[in-house]
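Student: quick one, structure for this:
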Amino acid sequence: MKKRKTRGQQKSYADNGPDECCALCGLSDTDPDQFGEKVTLKQHNLTVHYFCLLTSSGVYQRGEEDEGVFGFLVDDIKQEIRRSARLLCCGCKKKGASVGCFVSSCRKKVHFPCGRKQKFISQFSGLFPSYCKDHSPVQSVSGCSELSLPQSCSVCLDPIEPLLSYNVLKCPACHTSWFHRDCVQRQAHSAGLYFFRCTLCNNKDSFQEEMLRMGIYIPERDASWELESNAYEELLEVYQHCDALTCLCKNGRTHSAKAGWFELVRCRLCGSKGTHRKCSELMVDTTDWACLDCTQAVDGKASLVPRASPPGSQRRSLLSKRCSSIQSPINCKRSLLSGGSPEEFLQALALQLLPPKTQTSPSTSPRSSPQTQTTCLLIQPPSSTPKPSSPAHTCLAACQPSLQTSPQTSTSTSPQSQTQAQAQSQSQSPCSLVEVCGQQALSAGLALVRSNDFKPTHRLSVRFKGDQKTLFPSCPSGSDAARRHFLKLLVQQIQNCAVFEGPDGSKNLALDSQALREDLYFDVGCLLALSLVHGGPPLLFLSPALYQCLFNFPRDAPLTLTHMTHNTHFTHRLSMIAEAKTLEDLKEAMAASWEYLELAGCNRPISSLDEREALVEDLVSFTMITRMQLPLQRFREGLRTLGVFEQVQLFPALFSRLFCGPADVLTAQSISDLFTVCFSRQQDRQDREMPTITFWRHFLLECEVGRCSISLQDLLCFTTGVEEVPTAGLHPPPSLSFLHARRPPGPLRGEQGGREGLRSRGGKAGSLLEEEEEEKEGWRDEGLFPQSQPRNNHLTLPVTSTYQAFKSSMEQAVSHYTHLPKTES
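Tutor: Numbers count the residues shown, from 1 in each chain. Okay, here's the model as predicted:
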């Protein structure tokens with residue numbers, strides 16, 4: 001029979017005296033972290049530790065939780081005491097060992113406290129097995145040789161030896177949170193099942209699973225601080241004081257009438273200031289009022305909260321930080337963008353990051369035409385923007401069916417010279433250095449935006465230190481690949497930080513007092529705006545409700561209970577009210593949640609069930625909007641960096657797919673639309689290149705449906721070096737050209753006239769000549785492989801005679817690139 005853990009104490013037991021010893025282990029200790037609850041049954045003269053019962057090999061819970069000791073029947077406990085009385089403990093060498101190693105071939109048996117000293121691990125799940133030191137589960141360090149090991153316990157902060165052992169454990173998710181076994185056990189006993197998580201990375205699922213595997217007991221109850229009676233009683237006190245300069249109430253500033261001029265109205269933003277309506281010259285029915293401090297803060301006229309100044313430097317105030325939010329310089333060009341896409345808007349915002357010469361000076365190439373000189377305007381639609389090409393090629397549209405070259409063709413510099421010019425211009429532009437220690441992208445980002453000399457218009461130069469220097473060596477310091485990897489890590493860590501709550505892919509803002517004091521909401525919004533403009537991945541984790549609160553899209557749509565974060569205290573209370581079927585049930589639910597209703601200002605009498613919908617609507621509005629005014633305002637201010645918020649507010653329907661999931665799936669059509677085809681000048685080469693384009697499109701379709709050994713993502717990474725298309729698009733725009741084989745010396749027998757002559761011959765000689773011709777054509781396909789230039793987003797396709805040769809060449813090259821270890825070049 002399978003054992004089970006009790007969810008809480010279901011019955012009262014007699015007081016445990018200090019001298020009463022456990023019948024299984026013989027100790028009188030009462031430490032619940034180490035031995036579990038000590039229970040004494042006076043009528044049976046029986047005292048046991050809860051952990052001793054759970055880990056004993058011969059006793060099972062055959063009763064209900066209110067029977068015996070948490071489901072362990074008294075007769076079964078006494079039978080286990082008689083069984084273990086014959087077994088010798090391998091630790092203290094005394095009889096009474098009730099805990100045995102779960103491995104059938106192992107004969108080691110101990111008392112539960114002796115097992116702790118002998119490094120036994122007891123797992124408090126499933127069959128509650130125990131393992132001796134030789135058979136117990138172990139943890140392993142990450143394979144990276146340059147992993148920065150911690151020097152202190154993340155729970156007690158005392159020094160710790162960075163060596164995994166029985167007494168030292170680590171988090172399986174972040175690998176940087178190490179702790180003493182006793183410390184994490186005390187944390188689990190205090191936090192309970194619903195709040196026990198890693199103290200650094202905040203991971204819950206994998207962390208709890210690993211801790212159970214390593215013998216940590218996690219009680220199935222709420223956190224200890226939630227179980228204390230009246231623990232948060234001071235939070236339920238409503239502010240009762242008139243803070244007007246001159247109070248006109250004869251009964252004093254603390255008097256509050258039930259209605260009328262001298263009813264106290266509290267600030268709708270902070271709730272910590274109040275006034276009589278008459279004292280502040282309000283209307284007699286006014287309920288929506290904000291104090292002077294909050295009004296100045298929302299309007300940007302004063303600093304909200306002071307920040308601690310770092311040593312040797314003065315922290316910027318929120319006012320100076322708000323003023324540093326760079327507005328979009330393309331307001332005068334909105335008419336050009338009215339029919340664009342989010343990628344075009346972000347490309348236009350990215351113009352702020354380019355050097356001044358790159359923004360205003362046209363190309364100085366002597367062979368550039370007037371049309372080529374205007375390609376630096378990213379605000380033009382992609383279809384009308386000429387793509388860069390090499391001198392020996394002419395750019396044609398990828399979907400152009402004919403072989404005719406546009407009469408307005410022009411040539412530009414080669415991709416190599418473009419890369420050199422781009423690198424030179426970027427080296428001349430100011431950069432902000434970002435040093436990332438290991439995987440701590442969020443910490444590095446916060447250090448960047450909180451520095452005194454932070455400028456959003458500076459380009460990001462990223463340098464990894466620690467384990468990422470080994471795990472990500474293909475991205476040299478300051479390279480675009482390093483920047484993209486940093487932004488990807490940054491977005492992943494932001495959605496799991498303290499300012500958000502809810503499931504992955506549908507995050508709402510969380511109300512966190514420490515985040516407010518540190519102004520983390522502003523910093524996170526600023527970092528997300530930087531990521532979008534600097535070429536980071538789509539966000540895709542904001543919930544539709546949060547997107548609506550930020551940008552009012554869909555416009556004026558009411559928020560409902562389904563938009564609230566699940567498994568929270570407010571959601572649970574509101575669900576009880578919304579699910580009430582009768583008026584009596586509704587009143588009972590309201591009585592049970594009177595504190596919540598009082599805070600929301602909705603503790604009003606209800607006379608019919610029809611008033612339930614209006615009450616629920618008011619409570620949802622209070623929970624998601626009213627009490628979140630300050631976090632929402634600071635988050636919006638952060639998103640104003642580089643003008644991102646203004647552009648999203650103008651076109652919220654277009655940007656919703658970048659902020660809210662799901663992610664766009666790569667298709668053959670989307671990959672084909674990314675590339676501009678650069679055909680050759682010579683007509684005979686164009687004749688051979690057109691079938692290659694057909695091969696290319698057919699190859700993309702086979703990759704999409706899984707008929708190739710590579711995926712569309714592998715192909716995109718091979719060409720551009722990115723696994724997904726950045727939000728600001730790819731720059732420079734991806735392009736295609738062709739690789740021709742050198743013809744063998746002498747006339748080929750595969751020409752049209754030769755083929756007719758071969759077909760006219762008969763017999764053995766004709767077949768030999770046909771085989772010779774096929775060998776000649778195979779020789780032309782041999783050794784042709786695609787070539788990529790990720791810096792230029794350029795792909796060179798091999799010109800082959802058959803689709804099978806083209807497919808084989810593409811698969812070999814891309815697979816070779818995908819499976820090669822990334823090395824710094």
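
Student: what is the burial count for residue 193?
Tutor: Around residue 193 there are 16 other residues, counting by other Cβ atoms under 10 Å. Bear in mind the C-beta positions are built from the backbone N, C-alpha and C, glycine included.

Student: list the contacts for it?
Tutor: Neighbour list for residue 193: 208, 218-221 [criterion: Cβ atoms under 8 Å, 6 or more residues apart in numbering].

Student: I'd say residue 200 and residue 177 touch.
Tutor: Yes. Counting by Cβ atoms under 8 Å, residue 200 does reach residue 177; the two are 4.1 Å apart.

Student: give me the common contacts of the two.
Tutor: Residues touching both residue 200 and residue 177 (Cβ under 8 Å, 6+ apart): 154, 171.

Student: more neighbours, these two?
Tutor: Taking neighbours as other Cβ under 10 Å, residue 200 and residue 177 compare with residue 177 leading, 22 against 17.

Student: could I get the contacting residues of that one?
Tutor: For residue 177, the contact set (Cβ under 8 Å, 6+ apart) comprises 150, 154, 170-171, 198-201.

Student: try it again at 10 Å.
Tutor: Listed by Cβ atoms under 10 Å, 6 or more residues apart in numbering, the contact set of residue 177 reads 150, 153-155, 169-171, 184, 198-203, 207.

Student: same question for residue 85.
Tutor: Taking Cβ under 10 Å, 6+ apart as the test, what residue 85 contacts is 23-24, 95-98.

Student: let's see it at 8 Å
Tutor: 95-96.

Student: pLDDT value on it, please?
Tutor: Looking at residue 85, its pLDDT stands at 90.

Student: so which strand or helix has the closest residue to residue 534 other than its chain neighbours?
Tutor: Spatial nearest neighbour of residue 534, chain neighbours left out: residue 460 (5.7 Å); criterion: Cβ to Cβ, 6 or more residues apart in numbering. Taking DSSP states H and E as the definition, residue 460 sits inside strand 459-465.

Student: note down every partner strand of that strand and its orientation.
Tutor: According to DSSP bridges, strand 459-465 has the following sheet partners: strand 431-437 (parallel).

Student: gap between the closest residue to residue 552 other than its chain neighbours and residue 635?
Tutor: Once flanking residues are discounted, residue 552 sits nearest to residue 652: 7.4 Å by Cβ to Cβ, 6+ apart. Per Cβ to Cβ, to the nearest Å, residue 652 is found 15 Å from residue 635.

Student: where along the stretch 201-350 of the chain do the helices fall?
Tutor: Using DSSP state H, counting those that start in this stretch, the helices of the stretch 201-350 of the chain run over residues 205-213, 224-227, 292-298, 318-323, 334-337, 342-349.

Student: most packed of the ones you listed?
Tutor: helix 342-349 (a mean of 23; mean count of other Cβ atoms under 10 Å).

Student: quick check: mean pLDDT across stretch 37-57?
Tutor: 89.

Student: off-centre distance for that stretch?
Tutor: How far stretch 37-57 lies from its chain's middle: 45 Å, per Cα atoms, centre = their mean, to the nearest Å.

Student: next, the distance between the ends of it.
Tutor: This stretch, stretch 37-57, spans 19 Å end to end (Cα to Cα, to the nearest Å).

Student: please apply the same query to stretch 575-585.
Tutor: End-to-end distance for stretch 575-585, by Cα to Cα: 12 Å.

Student: then stretch 196-214?
Tutor: 15 Å.

Student: just how off-centre is it within its chain?
Tutor: How far stretch 196-214 lies from its chain's middle: 17 Å, per Cα atoms, centre = their mean.

Student: pLDDT of that stretch, averaged?
Tutor: Computed over stretch 196-214, the mean pLDDT rounds to 91.

Student: isn't the residue nearest to residue 534 up against residue 430?
Tutor: No. The criterion here is Cβ under 8 Å, and residue 460 misses it with residue 430 at 11.0 Å.

Student: about what we covered before: mind checking which of the helices of the stretch 201-350 of the chain is nearest residue 33?
Tutor: Among the helices of the stretch 201-350 of the chain, helix 224-227 comes nearest to residue 33, with 11.4 Å by Cβ to Cβ.

Student: report the contact partners of the residue nearest in space to the middle of the chain.
Tutor: With distances taken as Cα atoms, centre = their mean, residue 492 lies nearest the centre of the chain, 2.9 Å away. Taking Cβ under 8 Å, 6+ apart as the criterion, residue 492 is in contact with residue 441.

Student: related to what we said a few turns ago, tell me the buried residues in the strand holding residue 460?
Tutor: Neighbour-count burial for strand 459-465 flags 459-464 (criterion: 16 or more other Cβ atoms under 10 Å).

Student: ok, stretch 188-206 next?
Tutor: Buried, per 16+ other Cβ under 10 Å, within stretch 188-206: 188-189, 191-193, 196-201, 203.

Student: thanks a lot, see you next time.
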